[in-house]
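>>> predicted model follows, preceded by the sequence.
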Number of protein chains: 2
Amino acid sequence: MAKIEDVARHAGVAPSTVSYVLSGKRSITDRTRQRVLHSIEVLGYQPHAGARALASNRSNVVALVVPLRTGIHVPVIMQFATSVVTTAREHDHDVLLLTQNEGVAGLRRVAGTSLVDAVMVMDVELRDERVPVLRDLRLPAVLIGFPADAEGLTCIDLDFTAAGAACVDHLAELGHRRVALVGSPPEVYARGTGFATRTRNGFTEAARAHGIAASVHPCDANPAAARRVAADLLREHPDLTAVVVHNEPVIGPLLAAFREAGRDIPGDLSMVAICPDELAEHAMPALTSVSIPAEEVGREAVRLLMAKLGGRPVPEATLIEARLTPRASTAPAG
Amino acid sequence: MAKIEDVARHAGVAPSTVSYVLSGKRSITDRTRQRVLHSIEVLGYQPHAGARALASNRSNVVALVVPLRTGIHVPVIMQFATSVVTTAREHDHDVLLLTQNEGVAGLRRVAGTSLVDAVMVMDVELRDERVPVLRDLRLPAVLIGFPADAEGLTCIDLDFTAAGAACVDHLAELGHRRVALVGSPPEVYARGTGFATRTRNGFTEAARAHGIAASVHPCDANPAAARRVAADLLREHPDLTAVVVHNEPVIGPLLAAFREAGRDIPGDLSMVAICPDELAEHAMPALTSVSIPAEEVGREAVRLLMAKLGGRPVPEATLIEARLTPRASTAPAG
DNA sequence: GTGCGTCGTCGAAGCGATTCGACGACGCAC
DNA sequence: GTGCGTCGTCGAATCGCTTCGACGACGCAC
């Protein structure tokens, strides 16, 4: 493995010059730079990450804490993680994967050993135990989701409140007078996970503003639970004409259940989903939906993190706009 | 941030002694050890990862290359990744996340900069461009999946050939005389991705051995494609009494389509799936299935990697046994 | 009592980069 | 012609740890 000294010798310069060519932190004559770059090329030189981290006090690695919990739609997480890795690489950083089950100790470890320069935390809860740790670690961090007290933290997420409201607005406009939200599993609400709670609030609030009746139905993420909820809905609210679904795995089963109960969508019942576009497009019928822009959130989150690492100021809260796309699953109330 | 020197001073020993206490590479009196450990505790000492990597030539980080491709069931990947991270941590290693789109260059980079000690590659194809790179990088590696030429490599995977065969065996035993495999999307076969091909081969081969008719139907991973395939099956093979599904996202839609076509499962049609247990258990009816033991594969893969890092010999090929669990979706042929 | 082996600890030499101060060369102004 | 500022490069110190050889103390055998 070639070292910086080898490159320097080969190019006839000092090691520090090679370093400056690479970092651009001092000006170098074009002629010298070319010579150095050529030597790097020839020798296949790649700087040793550990040595670099030691000397510069920067590892160029960021940690990503991914949730393992139940009741969370996995593909969205992956999409998100992928986007984070890709964007981080564009900024010359790598991503270290941390799982929830190492918990707070994991954060302390990667920070304490200088393994990472910054962290990104997904699936933040209202009262998240990681938040105080992040505060006293004084490690640059970006949270995906909002804790109850976001003071001094950098947070980003889809504007779920607006998402919930947008669904209701759309349905109200179509003349629906009673709507139901089929939401996340009960334990997700119990944890106070932000996205579920905020969607619910946006939904409820918008319904009140429009003066239409609304109910919320937590639902486990499996087909059987979906069928139960569908049956409950039809029985308890005979006047129901529209459903909002914020729970990816049950979308298909819910559609099937309504169909089997003889309800045509959107003829008898309109449905709006909050889910990735891909899912909405492939459903039958294609679903009117507010998309979950995982890719965009991931990209922006990394941007924020890089800005913090660069000492640039960043907004504390970033909300990604909720956009509703009408498709085939909603129609005017009969 | 406390350094080893601070600990040494606090404990009244030399820095090297502290290092030996931590690594256990030389014997230390119990009294001294206790003193050092106490100082570490008091000062909250955590060794600097970069310095450690530089001096020891070991980063204690392994890279995990995850696939981003279409036609792959995402939750399984996550389950797998999770298991890898957890197991790696048990062995005092961290996991760096690499995505496919950096491609071979990513491998060269993390290896060349000594960022990682070893790599784990998922979703290996028959003729995988990463394989030659791994060979000449001489980096300890474990592949999840088998390339065409596995000579000298360490590979592990579910025994998909046996999985495909197990499904047919089970159905043959129940007296079925014509079976169909609903498989991965066409592009997955086109890429020569090992698991799809091997399942198909196991399936076909077992059918021939039992002397029963068999056909294979690639299927895109969305509900519409599932419906098309279901219709094709019923039309082309009126004598069909059993289906094997190896494509998670279409399981639900396929069940729905058969139901709507008036076929009772398992009354008119038996179905066996190759999918995670969780999915099979929650389907309606619960599916007889060969499970995909992602957690186990991840754990074993890390074990293999650690063994290689420790210089211990490991088998070149590890096949995880395919286990079929009978549930409610299969019955004797009418 | 001398000699030798073991055991526990120390000290110092790296590991491979970055970074800071210094310094020569050169251009420009006076 | 002298002086000064700028630019490009160099050399050496430094980052925090691991590891190897050395060395004193101690126990045991002869």
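Good, I have the coordinates.
>>> tell me the contacts of the residue lying closest to A:Leu254 once chain neighbours are set aside?
Nearest residue to A:Leu254, sequence neighbours excluded (Cβ to Cβ, 6 or more residues apart in numbering or on different chains): A:Ala226, at 4.8 Å. The C-beta positions use only the backbone N, C-alpha and C, and glycine is treated the same way. Contacts for A:Ala226 (Cβ atoms under 8 Å, 6 or more residues apart in numbering or on different chains) come out as A:Val182, A:Cys219, A:Val250, A:Pro253, A:Leu254, A:Ala257.
>>> and these as TSV, adding neighbour count and distance to A:Ala331?
What follows is these, written out as TSV (neighbours: other Cβ atoms under 10 Å in any protein chain shown; distance: Cβ to Cβ, whole Å):
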residue	neighbour count	distance to A:Ala331
A:Val182	25	19
A:Cys219	25	24
A:Val250	26	22
A:Pro253	24	22
A:Leu254	26	17
A:Ala257	20	19
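>>> narrow the residues you listed to those in strands?
The strands, defined by DSSP state E, take in A:Val182 from those.
>>> so which of the contacts of A:Ala226 would you say is closest to chain B?
A:Pro253 (6.8 Å; Cβ to the nearest Cβ).
>>> would you mind measuring from A:Ile265 to A:Glu295?
Computed with Cβ to Cβ, to the nearest Å, the distance linking A:Ile265 and A:Glu295 is 28 Å.
>>> do the same with A:His210
Separation of A:His210 from A:Glu295 (Cβ to Cβ): 32 Å.
>>> can you check A:Ser83 too?
Distance, A:Ser83 to A:Glu295, by Cβ to Cβ: 4 Å.
>>> which ones are touching the residue of the stretch 201-334 of chain A found nearest DNA strand D?
Among all residues of the stretch 201-334 of chain A, A:Leu309 sits closest to DNA strand D, at 18.8 Å; criterion: Cβ to the nearest atom of the strand. With contact set as Cβ under 8 Å, 6+ apart, A:Leu309 has these partners: A:Asp117, A:Ala118, A:Pro140.
>>> would you turn these into JSON lines with distance to DNA strand C?
Listed next are the contacts of A:Leu309 as JSON lines, based on distance: Cβ to the nearest atom of the strand, whole Å:
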{"residue": "A:Asp117", "distance to DNA strand C": "13"}
{"residue": "A:Ala118", "distance to DNA strand C": "17"}
{"residue": "A:Pro140", "distance to DNA strand C": "17"}
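>>> quick check, nearest of the residues you listed to chain B?
Once Cβ to the nearest Cβ is applied, the member of the contacts of A:Leu309 that ends up nearest chain B is A:Asp117, at 11.1 Å.
>>> in this model A:Arg58 seems to touch that closest one, though I could be wrong.
Yes: counting by Cβ atoms under 8 Å, A:Asp117 touches A:Arg58, with 5.7 Å between them.
>>> the two - which one has more neighbours?
Each of A:Asp117 and A:Arg58 has its neighbours counted (other Cβ atoms under 10 Å in any protein chain shown); A:Asp117 has more, 21 against 14.
>>> ok so, going back, starting at the chain centroid, how far to the host helix or strand of the residue nearest to A:Leu254?
A:Ala226 is located in helix A:223-236, with elements delineated by DSSP states H and E. Relative to its parent chain, helix A:223-236 has a centroid offset of 29 Å by Cα atoms, centre = their mean, to the nearest Å.
>>> list the buried ones in that helix?
A:Pro223, A:Ala225, A:Ala226, A:Arg227, A:Val229, A:Ala230, A:Leu233, A:Leu234 (16 or more other Cβ atoms under 10 Å in any protein chain shown).
>>> where do the strands sit along chain A?
Under DSSP E, chain A gives strands at A:61-66, A:94-99, A:118-121, A:141-144, A:155-158, A:178-182, A:213-217, A:242-245, A:270-274, A:288-290, A:317-320, A:324-325.
>>> closest to A:Arg198 out of those?
A:Arg198 lies closest, by Cβ to Cβ, to one member of the strands of chain A: strand A:155-158, at 8.3 Å.
>>> partner strands of the closest one and their direction?
When pairing is defined by DSSP bridges, strand A:155-158 lines up against strand A:141-144 (parallel), strand A:317-320 (parallel).
>>> quick check: the closest residue to A:Glu102 other than its chain neighbours vs DNA strand C, distance?
Leaving aside its chain neighbours, A:Glu102 sits nearest to B:Arg89 (6.1 Å; criterion: Cβ to Cβ, 6+ apart). Distance, B:Arg89 to DNA strand C, using Cβ to the nearest atom of the strand, to the nearest Å: 25 Å.
>>> neighbours of B:Arg89, just the number please.
The burial count for B:Arg89: 18, using other Cβ under 10 Å.
>>> touching, it and A:Leu97? I think so.
No: with contact defined as Cβ under 8 Å, B:Arg89 and A:Leu97 do not form a contacting pair (10.3 Å).
>>> would you mind measuring from the residue nearest to A:Glu102 to A:Leu98?
To A:Leu98, B:Arg89 is 9 Å away according to Cβ to Cβ.
>>> identify the contacts common to those two.
Residues touching both B:Arg89 and A:Leu98 (Cβ under 8 Å, 6+ apart): A:Gly106.
>>> hmm, back to that, of the contacts of A:Ala226, which is the nearest to B:Leu171?
B:Leu171 has its nearest neighbour among these in A:Pro253, at 26.2 Å by Cβ to Cβ.
>>> near chain B at all, stretch A:19-32?
No: contact of stretch A:19-32 with chain B is not found when judged by Cβ under 8 Å from any Cβ of the partner chain; the minimum separation is 12.3 Å.
>>> format the CA atom coordinates belonging to that stretch as CSV.
Extracted in CSV, the C-alpha atoms of stretch A:19-32 (Å, rounded to 0.1, in the frame of the first residue of the first chain):
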residue,chain,number,x,y,z
SER,A,19,-1.3,16.6,1.4
TYR,A,20,-2.0,20.2,0.3
VAL,A,21,-2.7,19.0,-3.2
LEU,A,22,-5.3,16.7,-1.9
SER,A,23,-6.9,19.0,0.5
GLY,A,24,-6.6,22.2,-1.4
LYS,A,25,-5.9,24.0,1.8
ARG,A,26,-2.9,25.9,0.4
SER,A,27,-2.2,27.0,-3.1
ILE,A,28,0.0,24.9,-5.2
THR,A,29,1.5,25.6,-8.7
ASP,A,30,-0.4,23.9,-11.4
ARG,A,31,2.8,22.2,-12.6
THR,A,32,3.5,20.7,-9.2
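>>> buried set for it?
By neighbour count with 16+ other Cβ under 10 Å, stretch A:19-32 contains the buried residues A:Ser19, A:Tyr20, A:Val21, A:Leu22, A:Ile28, A:Thr32.
>>> closest to DNA strand C out of those residues?
Nearest to DNA strand C among the buried residues of stretch A:19-32, with distances taken as Cβ to the nearest atom of the strand, is A:Ser19, at 3.1 Å.
>>> domains of chain A?
A:4-47, A:61-158+A:294-320, A:160-292 (automatic domain parsing).
>>> so how far does the last one reach from one end to the other?
Same thing as domain A:160-292. Terminal residues of domain A:160-292 are spaced 9 Å apart (Cα to Cα, to the nearest Å).
>>> hmm, back to that, and of the strands paired with strand A:155-158, who's closest to DNA strand C?
The nearest among these, by Cβ to the nearest atom of the strand, is strand A:141-144 at 22.0 Å.
>>> need the residues that contact the closest one.
By Cβ under 8 Å, 6+ apart, the list of residues contacting strand A:141-144 from outside reads A:80, A:118-124, A:131, A:134, A:150, A:153-157, A:297, A:301-302, A:304-305, A:308.
>>> need the contact list for A:Leu234.
A:Leu240, A:Ala261, A:Arg263.
>>> try it again at 6 Å.
A:Leu234 makes contact with A:Ala261 under the criterion Cβ atoms under 6 Å, 6 or more residues apart in numbering or on different chains.
>>> and the pLDDT at it?
At A:Leu234, the model reports a pLDDT of 95.
>>> can you tell me how far A:Gly175 sits from B:Thr29?
Counting by Cβ to Cβ, the gap from A:Gly175 to B:Thr29 is 83 Å.
>>> thanks a lot, see you next time.
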